[in-house]
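Engineer: The following comprises the amino acid sequence and a computationally predicted model.
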Amino acid sequence: MATQPKQRNIGRLSEIAQVAVRHGFGYFFEKHKLPWPRPPATLEAEASPTQRGRHLREMLDELGPTFVKFGQLLSTRPDVVPPDIIVELRGLQDDVRPFPFEQVEQVVETELDLSLERAFLDFDPLPIAAASIGQVHGATLPNGKRVAVKVQRPGAPRQIEADLALLYQAARIAKERIRALDFIDARALVDEFARSIRSELDYRSEGRNADRFRRHWAGDPHVQIPHVYWSYTRSRVLTLEFLDGTQVADVDAQAYTLEERRRLAYRMAETWMTMIFRHGFFHGDPHPANILVLPGDRIGLVDFGLVGKLSDDDISKLTRLFIEAASENVDNLPRRLADLGVTYPKEKEEEFRTRLRELYYKYYGATLAEIDPVQVIREAFQLIYAMNLQLPTRFVLLDKAIATLGSVGIELYEDFNVFEVAKPYARSLLRDRLTPRSLAREGRRELSKLAFVASEFPHQLHDVMEELRDGQIEVGFVHKGLDGFMVRLDAALNRLVVALVVVGGLIGSSLIGIFAEQGPQILGVNILSFIGFLLSGLLGLWLLWGVIRSGRL
C-alpha cells in the first residue's frame, strides 16, 4: 500500500512530461537535465517564442484543475511572468473544458442524498460556465425558483493535493537546478497558491462569503448578490439564486450606448472601492465572467471563492493612501506606503519619492485605453525590486483585484479614467472620516491602544528590571567620528612621550655634567653628559619640525 502513492506520483510525472512535450516543451527537460521521466524523443520540440503563451495555456488546461488555477495565479504576477504569456494565461479564467453530465449527476445525488429528479424540477445538462474546480448548471427548485448549481469536479480534492505535492517538488528542483529562476521564491509562490486553492474546495465557505456580501449590499439599488439556498448546499455543491443577466465578457458594445457603458464601468469601479474602503471585504476575482449586467441599470456578482479581508487599521491606512493619490499628493505616498508595511532603507526615501513621482505622472490623467495595465504593474514591480522594497503579502490579492478590474474597464469604456472616479470618491471618504461619529470612533480606537500600552508598561518595566538584575542586558555604544579623534589623540600622546624623553635626557645629562669629576671629556664636558645633550637636542629638533609641519604650532 505504501508504494501506491509513489507509483501514482511517478505516473502523474510521466503524464505531465508527455503533455509538456506534446505542447512543445520537451526541450526544457533536456536543457536543465531535470530528473523527470523522459518522454519519447520523437515528440520533443522547442516551443516558438511567439506561441509559447498559447502552448503553455493549452498544456495547463489539459493537465487539469490544479494547473489551470496555478496558471490563473501566474496570470496575475507580472513580476514573475512575461507579458505575452500573461495575456494567454488570462484565457484560463473562462476557457476550461466541462466534465460529463453523468459525473455531475453523481456528485449532486451523493452530496444531497437525493435523486436529481426529486431535488429539482429540472436540471440543465449543459453547463452555463465551467471553471477549474467546478462548473455551473441552471436548475429549478421544487418551489419554482430558478437557481444556479455549482458542482465540484469528481476527485478534485485528491487530485489537487497530489498535484500540489508535485508542484512543491518542482519548486525544489527549480531552486536547485535552474539559475535563471533565482529571482523567484518558487516555494513561496506554491505556498500562496496552495492556500488559495484549498480555500476554494469547500463550497460552504464560498456560500458564507456570498451571505456576507449580500448583507453588505442589502438594500443597494445597483448591486445584487445572489441568495444562498443552504438546504441545497454541501461541501461539493453550492446552490445560489439565478441572476438573469449578461456577463461583462459577453456584452455587445452595439447594444449599449456610450453613456450606458461609461456608467457601467464607473459603477463597477465604485463597487470595488466601497468593498475595499468601507466594508474591508472584497471580491478577489473580478474578471468579466464574474460580473453580470442586469436589467434596471444594475450589476450582479458571482463566484465568491476568492475574497480579500482587511482590518480596520488596514482600511484606515489604505484610505489615507487613496486620498493622497487621488489628490496628487505624490510626495506623501512613500510615507503612506510605509504605514501599510512597505519597507525600504531610510537613506533611499528621497530616491523612492522621485521615482514614484515619475511613474505616477507618466500615467496620471491617461485613459485606460491608452495604458497597458500589465506594463504599469510590471514597471511598479521593477521599481519595487530596484529599490529592494518589501511588500506585505496580505495585499497581493488586493493588487490582483484592482489590476483585473482595470482591464475589465477597458472592455466596457475605452475612455474610462480611474482618477475621474477616484477623486469624488476620495472626497466622500474624507468627509466621512471627518464626521463627529468617525472622529469619535477613531478617538476610541486610539484611546484603546494607549490604554493597552499603559496597562502593559508596569509588566514591561518589571521584565527590564529583572533582566538588569540578572545581568542579561548589555549596552553597546556606537561613536561616529571617533576614529579620526583617536588618530589625533594618538599622535599628541606620541609627541608628549618624545617631549618627556627630551626633557628627561637634558636633565639627566646636566646632572651627570655637574657631579661627574672623572672620566673622559669633550670640550670640558663629561662624555656621557655630552652624548645625552646631543641625543636630546636631536629629538627636540625632530619634534619641533613635526609640530611645524602639522601647522598647529
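Structural biologist: It's in. Numbers count the residues shown, from 1 in each chain.
Engineer: which residue ranges form the helices in the stretch 251-400 of the chain?
Structural biologist: For the stretch 251-400 of the chain, the helices defined by DSSP state H, counting those that start in this stretch occupy 258-274, 312-326, 333-339, 349-363, 373-386, 396-412.
Engineer: next one: the stretch 51-200 of the chain
Structural biologist: 52-63, 65-74, 83-89, 101-112, 116-119, 156-177, 186-199.
Engineer: so which of these gets nearest residue 262?
Structural biologist: helix 83-89 (25.4 Å; C-beta to C-beta). Where C-beta positions appear, they are placed from N, C-alpha and C, glycine not excepted.
Engineer: ok, and for the closest one, which residues are buried?
Structural biologist: 85, 86, 88, 89 (16 or more other C-beta atoms under 10 Å).
Engineer: before we move on, back to that, show me which of the helices of the stretch 51-200 of the chain has the highest average neighbour count.
Structural biologist: The highest average neighbour count among those, using mean count of other C-beta atoms under 10 Å, belongs to helix 65-74 at a mean of 22.
Engineer: Could you list the alpha-carbon positions for that one in CSV?
Structural biologist: Provided in CSV are the C-alpha atoms of helix 65-74 (Å, rounded to 0.1, in the frame of the first residue of the first chain):
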residue,chain,number,x,y,z
PRO,A,65,-7.9,21.9,-12.4
THR,A,66,-4.8,22.4,-10.2
PHE,A,67,-2.6,23.5,-13.1
VAL,A,68,-5.4,25.7,-14.5
LYS,A,69,-5.7,27.5,-11.2
PHE,A,70,-1.9,27.8,-11.0
GLY,A,71,-1.9,29.4,-14.4
GLN,A,72,-4.6,31.8,-13.2
LEU,A,73,-2.3,32.8,-10.3
LEU,A,74,0.6,33.3,-12.7
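Engineer: now it: mean pLDDT?
Structural biologist: When pLDDT is averaged over helix 65-74, the result is 77.
Engineer: now do stretch 227-235
Structural biologist: Here the average pLDDT along stretch 227-235 is 96.
Engineer: ok, residues contacting that stretch?
Structural biologist: Contact with stretch 227-235 is made by 111-112, 119, 141, 145, 147, 149, 152, 201-204, 207, 210-211, 214, 238-241, as judged by C-beta atoms under 8 Å, 6 or more residues apart in numbering.
Engineer: redo that, cut-off 10 Å
Structural biologist: For stretch 227-235, the external contacting residues (C-beta atoms under 10 Å, 6 or more residues apart in numbering) are 107-108, 110-114, 119-120, 139, 141, 143, 145, 147, 149-150, 152, 157, 201-211, 214, 238-242, 304.
Engineer: now swap in stretch 106-121 and tell me
Structural biologist: 99-101, 104-105, 122-123, 134, 137-147, 149, 151-156, 203, 231-239.
Engineer: Need the three-state assignment for residue 541.
Structural biologist: helix (DSSP: H, G, I helix; E, B strand; the rest coil).
Engineer: Counting neighbours, what do you get for it?
Structural biologist: Neighbours of residue 541 under the rule other C-beta atoms under 10 Å: 11.
Engineer: separation between residue 135 and residue 101?
Structural biologist: Noted for residue 135: a distance of 10 Å to residue 101, by C-beta to C-beta, to the nearest Å.
Engineer: for residue 148, what are its contacts?
Structural biologist: Residues near residue 148 by C-beta under 10 Å, 6+ apart: 124, 128-129, 136-139, 226, 238-243, 302.
Engineer: On the pLDDT front, check it for me.
Structural biologist: Looking at residue 148, its pLDDT reads 96.
Engineer: gap between it and residue 412?
Structural biologist: 23 Å.
Engineer: OK, contacts around the nearest residue to residue 356 once chain neighbours are set aside?
Structural biologist: Computed as C-beta to C-beta, 6 or more residues apart in numbering, the closest residue to residue 356 that is not its neighbour in sequence is residue 333, at 5.7 Å. For residue 333, the contact set (C-beta under 10 Å, 6+ apart) comprises 321, 324, 325, 342, 352, 353, 356, 357, 360.
Engineer: coming back round to it: with distance to residue 280 added, can I get the helices of the stretch 51-200 of the chain in CSV?
Structural biologist: Formatted as CSV, the helices of the stretch 51-200 of the chain follow (distance: least, C-beta to C-beta, whole Å):
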stretch, distance to residue 280
helix 52-63, 33
helix 65-74, 23
helix 83-89, 29
helix 101-112, 32
helix 116-119, 37
helix 156-177, 29
helix 186-199, 18
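Engineer: closest one to residue 447 among these?
Structural biologist: Comparing the helices of the stretch 51-200 of the chain by C-beta to C-beta, helix 186-199 comes nearest, at 35.5 Å.
Engineer: relative to helix 65-74, how tilted is that closest one?
Structural biologist: 120 degrees (axes from the mean of the first three to the mean of the last three C-alpha atoms, to 10 degrees).
Engineer: What is helix 186-199 packed up against?
Structural biologist: helix 65-74, helix 156-177, helix 203-216, helix 396-412 (3 or more C-beta pairs under 10 Å, 6 or more residues apart in numbering; DSSP states H and E).
Engineer: nearest to residue 295, of the buried residues of helix 83-89?
Structural biologist: Using C-beta to C-beta, the buried residues of helix 83-89 come closest to residue 295 at residue 89, 33.4 Å.
Engineer: what's the neighbour count on the nearest residue to the closest one once chain neighbours are set aside?
Structural biologist: Nearest residue to residue 89, sequence neighbours excluded (C-beta to C-beta, 6+ apart): residue 75, at 3.7 Å. The number of residues packed near residue 75 is 24, by other C-beta under 10 Å.
Engineer: quick one on the thing from earlier: adding distance to residue 268, write the helices and strands packed on helix 186-199 out as CSV.
Structural biologist: Shown next, in CSV, are the helices and strands packed on helix 186-199 (distance: least, C-beta to C-beta, whole Å):
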stretch, distance to residue 268
helix 65-74, 20
helix 156-177, 30
helix 203-216, 15
helix 396-412, 7
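Engineer: Show me the one of these that comes nearest residue 286.
Structural biologist: Here helix 396-412 is closest among the helices and strands packed on helix 186-199 (C-beta to C-beta), at 4.8 Å.
Engineer: Now do the helices in the stretch 401-550 of the chain.
Structural biologist: Counting by DSSP H, counting those that start in this stretch, the helices of the stretch 401-550 of the chain are 418-433, 436-469, 482-515, 527-550.
Engineer: one step back: please determine how far the residue nearest to residue 356 is located from residue 280.
Structural biologist: Residue 333 is 21 Å from residue 280, where distance means C-beta to C-beta.
Engineer: follow-up on the earlier one: and the helices and strands packed on helix 186-199, which one is worst for confidence?
Structural biologist: Minimum mean pLDDT among the helices and strands packed on helix 186-199: helix 396-412, a mean of 70.
Engineer: State the number of residues packed around the closest residue to residue 351 other than its chain neighbours.
Structural biologist: Counting by C-beta to C-beta, 6+ apart, residue 351 lies nearest to residue 387, which is 7.2 Å off, once chain neighbours are set aside. By other C-beta under 10 Å, the residues close to residue 387 number 17.
Engineer: gap between residue 251 and residue 468?
Structural biologist: In terms of C-beta to C-beta, residue 251 sits 70 Å off from residue 468.
Engineer: which one of the two has more residues nearby?
Structural biologist: The residue with more neighbours, out of residue 251 and residue 468, is residue 251; 19 against 10, by other C-beta under 10 Å.
Engineer: Just confirm the more buried one contacts residue 411, I think it does.
Structural biologist: Yes: here residue 251 reaches residue 411: they are 7.5 Å apart, a contact under C-beta atoms under 10 Å.
Engineer: What does residue 154 show for phi and psi?
Structural biologist: Here is the backbone geometry of residue 154 (degrees, to the nearest 10): phi -60, psi 140.
Engineer: Hmm, residue 99 and it touching each other?
Structural biologist: Yes: with contacts counted by C-beta under 10 Å, residue 154 reaches residue 99, the gap being 7.1 Å.
Engineer: neighbour count winner among those two?
Structural biologist: residue 99 (19 against 16).
Engineer: before we move on, the earlier item: overlap in contacts, residue 251 and residue 411.
Structural biologist: Common contacts of residue 251 and residue 411, defined by C-beta under 10 Å, 6+ apart, comprise 261, 288.
Engineer: Fine, thanks again, bye for now.
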